[in-house]
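Chemist: fold the following, please.
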Amino acid sequence: MGPSRIATVAAHFGRDLAFGTARIATLIEEARQAGAAVLVMPDGTLGGSFADFGRTDPEHQAPALDPDGPEVRAVAALAAEMVVCFGYTEAGPRDERYSVAACVSGDGVLGRHRKVHLSAAEALHRQPGRGFAAFDTPAGRVGMLLDYEKAFPEPARGLAVDGAEIVACLCSWATGSRAPTLARDRQARLFDVYDCVRAVENQVVFVSANQAGVLNGTRYLGSAKIVGPDGTTRARTGSRAGLVVAELDVEAEIAAARRVRDHLEERKGATPSVA
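Modeler: Now for the predicted structure:
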C-alpha cells in the first residue's frame with residue numbers, strides 16, 4: 001500500500017455529546033488537513049470515559065448510546081474517506097453498559113470492540129466483552145484495545161496473530177494520585193512502557209490515544225503516541241491536548257522488523273484465542 005499517515009490524539013472529552021461531536025469534527029478535519037488516512041481518538045470520545053474510581057457516582061455515568069444510533073452515524077459521516085477509531089459507552093439489554101471502541105469510515109462501521117478486561121471499579125458498572133478480532137479497513141488490517149487491556153500481553157498478541165498490522169489502543173489512562181510531576185508518575189511510565197512493548201513484541205504499529213484534562217476529579221495524562229514495529233516512538237503529544245501524525249509504510253516496516261526475527265512465526269506454545 002506504500003507510505004501512509006497515521007494520526008492520534010490526546011484530548012478531553014466529557015459528558016456533553018454535542019460538544020464532543022463538534023470536537024470530533026475539528027480533530028478529523030485537522031487530521032485530514034495533515035494528510036492522515038487513519039485517526040485514533042481516546043476511550044470515551046462520545047460522552048466521556050468511566051471516571052468513578054473510588055467514588056461511585058451513578059449520576060455521573062457516561063450516556064449509554066445505541067451502536068447504530070445517530071451519534072455513531074454522525075462520526076462515520078464525518079470520517080468520510082478516513083478510517084477513524086473512537087470510543088463510547090454502549091447500551092445493552094437490561095440496562096447493561098459496555099465500554100466500546102468503534103472503527104468507522106464514510107461506509108459505516110468497519111469494526112467494533114467491547115472491552116474485555118475491566119478493572120475492579122469498572123466491573124461494578126460495566127459488562128465485559130467476549131474477545132478480540134482484527135478486521136479489514138482501507139488502511140490495512142486493524143485491531144482495537146481499550147485502555148487497561150494493553151496491560152495484558154494476550155490481547156495484542158491475539159490481534160497480531162489474527163493479522164492486525166495496526167493496533168489502535170483507545171485509552172482513558174489517569175495519572176497517579178501522589179506523583180509531584182508527570183516525569184515521576186508511575187502510571188505515566190507504565191503507559192509508555194506498555195505502548196512500546198506491545199508494538200515491539202508483536203512487531204506491529206501501535207497507536208495509543210488518551211484522554212487529557214480532568215473529569216469528575218480524575219486527571220488523565222495525555223501522552224498519545226505512534227510506535228513503530230521496531231518499538232521506537234515516531235510521534236507523541238505531551239500531557240496537554242494535541243494531535244500528532246507519523247508517516248509509515250506499515251507493510252514494509254512490519255516486513256523489515258520480522259525479516260531477521262519473526263516473533264509470531266518463531267513462538268512456541270499455545271496461540272492466544274481471538275473471537
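
Chemist: tell me where the stretch 1-150 of the chain has strands.
Modeler: Per DSSP state E, counting those that start in this stretch, the stretch 1-150 of the chain carries strands over the ranges 4-11, 36-40, 64-65, 83-91, 97-105, 108-114, 135-137, 140-146.

Chemist: what residues of the next helix or strand after the last one count as buried?
Modeler: Tracing the chain C-terminally past strand 140-146 and defining elements by DSSP states H and E, one meets helix 153-161 next. Of all the residues in helix 153-161, those buried under the rule 16 or more other Cβ atoms under 10 Å are 155-161. Using the backbone N, CA and C atoms, a C-beta is placed for each residue, glycine as well.

Chemist: one step back: and Ser239, which of the strands of the stretch 1-150 of the chain is closest to it?
Modeler: Closest to Ser239 of the strands of the stretch 1-150 of the chain, according to Cβ to Cβ: strand 4-11, at 7.6 Å.

Chemist: so where's the stretch 51-200 of the chain uncertain?
Modeler: 52-59, 177-183 (pLDDT under 70).

Chemist: which strand in the chain has the most residues?
Modeler: strand 205-215 (DSSP state E).

Chemist: in its sheet, which strands sit next to it, and in what direction?
Modeler: In the sheet, strand 205-215 lines up against strand 4-11 (parallel), strand 166-171 (parallel), strand 218-221 (antiparallel), strand 225-227 (antiparallel) (DSSP bridges).

Chemist: just those strands: most buried one?
Modeler: Highest mean neighbour count among the strands paired with strand 205-215 (mean count of other Cβ atoms under 10 Å): strand 166-171, with a mean of 30.

Chemist: coming back round to it: alpha carbons only: can I get the longest strand of the chain in CSV?
Modeler: The C-alpha trace of strand 205-215 is given here as CSV (Å, rounded to 0.1, in the frame of the first residue of the first chain):
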residue,chain,number,x,y,z
VAL,A,205,2.3,-0.4,14.5
PHE,A,206,0.8,0.5,17.9
VAL,A,207,-1.3,3.7,18.0
SER,A,208,-2.2,4.9,21.5
ALA,A,209,-4.7,7.7,22.1
ASN,A,210,-5.6,9.1,25.5
GLN,A,211,-7.9,11.4,27.4
ALA,A,212,-6.3,14.6,28.7
GLY,A,213,-7.6,17.1,31.3
VAL,A,214,-9.8,16.3,34.3
LEU,A,215,-13.2,14.5,34.5
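
Chemist: just how off-centre is that strand within its chain?
Modeler: A distance of 7 Å separates the centroid of the chain from that of strand 205-215, by Cα atoms, centre = their mean, to the nearest Å.

Chemist: could you check the angle it makes with strand 140-146?
Modeler: With axes from the mean of the first three to the mean of the last three Cα atoms, to 10 degrees defining the directions, strand 205-215 sits at 40 degrees from strand 140-146.

Chemist: okay, angle between strand 205-215 and helix 153-161 too, please.
Modeler: Using the same axes, to 10 degrees, strand 205-215 lies at 140 degrees relative to helix 153-161.

Chemist: pull out the buried residues from strand 205-215.
Modeler: Neighbour-count burial for strand 205-215 flags 205-213, 215 (criterion: 16+ other Cβ under 10 Å).

Chemist: stretch 32-44 too?
Modeler: Neighbour count says stretch 32-44 has 32, 36-44 buried, by 16+ other Cβ under 10 Å.

Chemist: which of those residues sits closest to Gly222?
Modeler: Looking across these and measuring by Cβ to Cβ, the closest to Gly222 is Pro42, at 9.5 Å.

Chemist: just the pLDDT at that closest one, thanks.
Modeler: pLDDT, Pro42: 98.

Chemist: format the buried residues of stretch 32-44 as TSV; extra columns: distance to Ala199.
Modeler: Output for the buried residues of stretch 32-44, formatted as TSV (distance: Cβ to Cβ, whole Å):
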residue	distance to Ala199
Arg32	25
Ala36	19
Ala37	19
Val38	15
Leu39	18
Val40	14
Met41	19
Pro42	18
Asp43	19
Gly44	23
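
Chemist: report the two of those separated the most.
Modeler: Maximum pairwise distance among those (Cβ to Cβ): 23.8 Å, between Ala37 and Gly44.
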